[in-house]
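Peer 1: how does the following fold in three dimensions:
(one chain, ligands or ions: 1)
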Amino acid sequence: MTLSSTTPRPLIAGNWKMNGLAAALDEARAVAAALEQRPASARVAIFPPSTLLHRLAEAVEGSTVLVGGQDCHPKASGAHTGDISAEMIGDAGGAMVIVGHSERRTDHGETCQQVAAKVEAALAGDLEPVICVGESLEQRQAGEAVSFVVGQLRNSLPDSLQGKAFNVAYEPIWAIGTGHVASVDNIIEMHAAIRAELATRFGEQGRTIPILYGGSVKPENAAEILAAPEVGGALVGGASLKAKDFLAIIQAA
Ligand SMILES: O=C(CO)COP(=O)(O)O
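Peer 2: Prediction:
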């Protein structure tokens, strides 16, 4: 997918992680139906586990809800037991993919170089990537948060992103699933640093790439976070599992 010339709409993305059995499809259907009644100003995407990808794409077909995978392998096919490729995500009805989530970097030891290779695969598979970066609590306490995240970003983004639609998500690891949302000051500082790096790297395009915030986004704090400068959406974990909460966040955008 190539970039449109207009400023992208914010993206509210629900990452279901390793949650969701068939009954969860009802939540996605409820989100799609509500958006039909009351269209959102933001784009809305749901990233279910791979097992639900195809069924969720069918469940929300014809609605404005986009569907994506939570990860993809750098190769298009082959002997890689347990992995799925960008091409498979597209085949199942997905249009987007999350890459470099801190849970993948931690649980599976993914390096920035591997993340960049996955981004290349996403582009080759015609998926719009959401590329995640974020520091640990130790890095933040050591005063290294900004330099670490900017370095991680630099190494996780391949040059081939130039001219392509993509999103960056800043997710401080210490804010994920903890209820400890980053302060608006922290978010403003980090998003400004990410914006500067994107503008240096990608020129004019870098000024409009949506930078999402993720980490304990809830209906109660969404409006304040989404109103902060350079916040172009949210990557939502726990609060995306229930249609009611996810819709409240969507409407806050
Ligand atoms: O990691 C996240 C989304 O990718 C954030 O998760 P929570 O919203 O549950 O903190």
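
Peer 1: surely residue 54 and residue 88 touch.
Peer 2: No - with contact defined as C-beta atoms under 8 Å, residue 54 does not reach residue 88; the gap is 9.7 Å. All C-beta atoms are positioned from the backbone trio N, CA, C, and that covers glycine.

Peer 1: counting neighbours, what do you get for whichever residue of the stretch 1-150 of the chain sits closest to the ligand?
Peer 2: Going by C-beta to the nearest ligand atom, the ligand is nearest to residue 15 of the stretch 1-150 of the chain, at 3.7 Å. Burial of residue 15 is recorded as 26 neighbouring residues (other C-beta atoms under 10 Å).

Peer 1: surely it meets residue 69?
Peer 2: No - counting by C-beta under 8 Å, residue 15 stays clear of residue 69, with 10.5 Å between them.

Peer 1: shared neighbours, those two?
Peer 2: 47, 98 (C-beta atoms under 8 Å, 6 or more residues apart in numbering).

Peer 1: check contacts around the residue in the stretch 151-253 of the chain positioned nearest to the ligand.
Peer 2: Residue of the stretch 151-253 of the chain nearest the ligand, by C-beta to the nearest ligand atom: residue 237 (2.3 Å). By C-beta under 8 Å, 6+ apart, the contact set of residue 237 is 15, 17, 176, 177, 214.

Peer 1: mind redoing it with 6 Å?
Peer 2: By C-beta atoms under 6 Å, 6 or more residues apart in numbering, the residues touching residue 237 are residue 15.

Peer 1: and it, how far from residue 68?
Peer 2: Residue 237 is 14 Å from residue 68, where distance means C-beta to C-beta, to the nearest Å.

Peer 1: and residue 90, by the same measure?
Peer 2: On the measure of C-beta to C-beta, residue 90 and residue 68 end up 10 Å apart.

Peer 1: model confidence for residue 110, exactly?
Peer 2: pLDDT recorded at residue 110 is 98.

Peer 1: leaving out the residues flanking it, which one is nearest to it?
Peer 2: Take residue 110 and drop its neighbours on the chain: the residue closest to it by C-beta to C-beta, 6 or more residues apart in numbering is residue 104, 5.0 Å away.

Peer 1: element containing that neighbour?
Peer 2: If you go by DSSP states H and E, residue 104 is part of helix 102-107.

Peer 1: how far is the helix or strand following that helix from where the chain is centred?
Peer 2: Following helix 102-107 in sequence order, the next helix or strand is helix 112-124 (DSSP H and E). Taking C-alpha atoms, centre = their mean, to the nearest Å, one finds the center of helix 112-124 at 14 Å from the center of the full chain.

Peer 1: up against the ligand, what does the stretch 51-200 of the chain have?
Peer 2: For the stretch 51-200 of the chain, the contact set with the ligand under C-beta under 6 Å from any ligand atom comprises 101, 171, 176, 177.

Peer 1: so who does the closest residue to residue 168 other than its chain neighbours touch?
Peer 2: What sits nearest to residue 168 in space, not counting adjacent residues and going by C-beta to C-beta, 6+ apart, is residue 211, at 5.0 Å. Residues counted as contacts of residue 211 (C-beta under 6 Å, 6+ apart) are 168, 191, 194, 230, 232.

Peer 1: make a markdown table from those residues and add secondary structure to it.
Peer 2: A markdown table is the format used below for the contacts of residue 211 (DSSP: H, G, I helix; E, B strand; the rest coil):
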| residue | secondary structure |
| --- | --- |
| 168 | strand |
| 191 | helix |
| 194 | helix |
| 230 | coil |
| 232 | coil |
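
Peer 1: ok, and the most crowded of the residues you listed?
Peer 2: residue 168 (27 neighbours).

Peer 1: any idea what that residue is bridged to?
Peer 2: Residues in a beta bridge with residue 168, per DSSP bridges, are residue 131, residue 211.

Peer 1: does it touch residue 129 like I think?
Peer 2: No - judged on C-beta atoms under 6 Å, residue 168 makes no contact with residue 129 at a distance of 9.3 Å.
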